[in-house]
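In: Return atomic coordinates for the entry below.
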Amino acid sequence: MVKRFRIVLMCFFLLLFALPARTSQGKEVILGGQMIGISLKTSGMKVVGYYFIRQHGLLFCPGEKAGIAIGDELLAFDSQPLIMTDDVSRTVKIRGQERKSIHVVVMHENKKKQVLLTPAYDEIAKEYRIGLYLRDATSGVGTLTFIDPITFRYGALGHRILDEDSQGTLNRQGKIRDAFVIAIDRAREGHPGAKQSIVGRKILGEGTIDRNSSFGIYGKLSSRILPPQNRMLAPVADISQIHPGQAQLYTVLHGQVVQPFAVRIERVFAQDHAQGKGMLIRVVDPTLIRESGGILQGMSGSPIVQGGKLVGAVTHVFLNNPLEGYAIYAKWMVSQVQGLQSK
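Out: All right, here's what the predicted structure looks like:
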């Protein structure tokens, strides 16, 4: 199972794949709702843990001894940028055999520092090691919100992705793949619930996570992401066109099937600049309540439609009442895409 991203204020990351609706007020874009799997590349190798090696009967961790902390990022070995874990393994083996230390550039608490790391021969594994568990990417699942039908720029999530270990912002490129919902962990008071999903092998977008902002993830997808019959178009609503009342939320509960479910917009908050919490919504659909218990982890980014217009996307759920949550206005998400297109 893939890891889920942690979210500020229970902003559960729920990336959606879009169904057609427009990329600015009045234009149409493809609306989402499909589950996707994403991976974001970190700037180097993230240190996620220590392990000990045995040498001369003693147990110790070379990385910890060198002053490298859990949560640090290893950026370079001997002036060579670290791209994959294979880069680490190769250098450790070579320097270990040469009985030399590695000059490591480390990002520690947002500051770069240099340390000397000496690989040690592990008598049990019978190879040179540095005692650090490393990760080269952060992965998870969610829901896409919309796609521009002409440029195939997309918007998803409706909130920022944070690193689950440090809670720091991830501003990296990444990949987007198809995902399948295989089970539902129902939400209840005090328990947010989640979509249990698996990520497929089909790459829907690679190296196209161009922006990770407070209003979602944005980039460019392949034109083959959705078959023509699944491309529904809807105009993007202006905030002045949105009102309390019935609406539809598009999301996946089974496999890859996107379904509309009834929700009610309880409150509409006046905003004259981009903010995250634009609407208070409540799930009222009996089927969605029965099967999911309300808003789940993995629904972030699920598009909300009112009067045939894309009005917003789910971003937060209330832990004490999973039937209610917040949504961002689609207008603000679309503006993020327009910013990318102008560059």
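In: which helix of this protein spans the most residues?
Out: When secondary structure is assigned using DSSP state H, the longest helix within the chain turns out to be helix 85-98.
In: Contacts for that one next, please.
Out: Contact with helix 85-98 is made by 45, 74, 77-78, 80, 82, 101-102, 119-121, 127-130, 134, 136, as judged by Cβ atoms under 8 Å, 6 or more residues apart in numbering. Yep, even glycine has a C-beta here, placed from its N, CA and C like the rest.
In: Surely Thr145 is in a strand?
Out: Yes: counting by DSSP: H, G, I helix; E, B strand; the rest coil, one finds Thr145 located in a strand.
In: Surely Lys113 and Val106 touch.
Out: Yes: the pair Lys113 and Val106 passes the contact test of Cβ atoms under 8 Å, sitting 5.3 Å apart.
In: Name the residue in these two with the higher neighbour count.
Out: Neighbours per residue, other Cβ atoms under 10 Å: of Lys113 and Val106, the larger number sits with Val106, 21 against 13.
In: How about that one: which residues does it bridge to?
Out: Beta-bridge pairing for Val106 (DSSP bridges): Leu74, Lys113.
In: Tell me how far it lies from Gly63.
Out: Taking Cβ to Cβ, to the nearest Å as the measure, Val106 and Gly63 are separated by 10 Å.
In: re earlier: ok now the longest helix of the chain, how far from the chain's centre?
Out: Relative to the centre of its chain, helix 85-98 is centred 31 Å away, using Cα atoms, centre = their mean, to the nearest Å.
In: what's the answer for stretch 312-323, then?
Out: Between the centre of stretch 312-323 and the centre of its host chain there is 17 Å, according to Cα atoms, centre = their mean.
In: so how far is the first residue of it from its last?
Out: For stretch 312-323, the separation between the terminal residues is 17 Å (Cα to Cα, to the nearest Å).
In: Which parts of that stretch count as buried, going by neighbours?
Out: Neighbour counts over stretch 312-323 (16 or more other Cβ atoms under 10 Å) mark Gly312, Ala313, Val314, Thr315, His316, Val317, Phe318, Pro322, Leu323 as buried.
In: Can you add pLDDT, distance to Lys331 and secondary structure and give these back as JSON lines?
Out: Putting these into JSON lines (pLDDT from 0 to 100; distance: Cβ to Cβ, whole Å; DSSP: H, G, I helix; E, B strand; the rest coil) gives the following:
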{"residue": "Gly312", "pLDDT": "97", "distance to Lys331": "8", "secondary structure": "strand"}
{"residue": "Ala313", "pLDDT": "97", "distance to Lys331": "11", "secondary structure": "strand"}
{"residue": "Val314", "pLDDT": "95", "distance to Lys331": "16", "secondary structure": "strand"}
{"residue": "Thr315", "pLDDT": "91", "distance to Lys331": "14", "secondary structure": "strand"}
{"residue": "His316", "pLDDT": "90", "distance to Lys331": "18", "secondary structure": "strand"}
{"residue": "Val317", "pLDDT": "89", "distance to Lys331": "22", "secondary structure": "strand"}
{"residue": "Phe318", "pLDDT": "90", "distance to Lys331": "24", "secondary structure": "strand"}
{"residue": "Pro322", "pLDDT": "94", "distance to Lys331": "26", "secondary structure": "strand"}
{"residue": "Leu323", "pLDDT": "96", "distance to Lys331": "25", "secondary structure": "strand"}
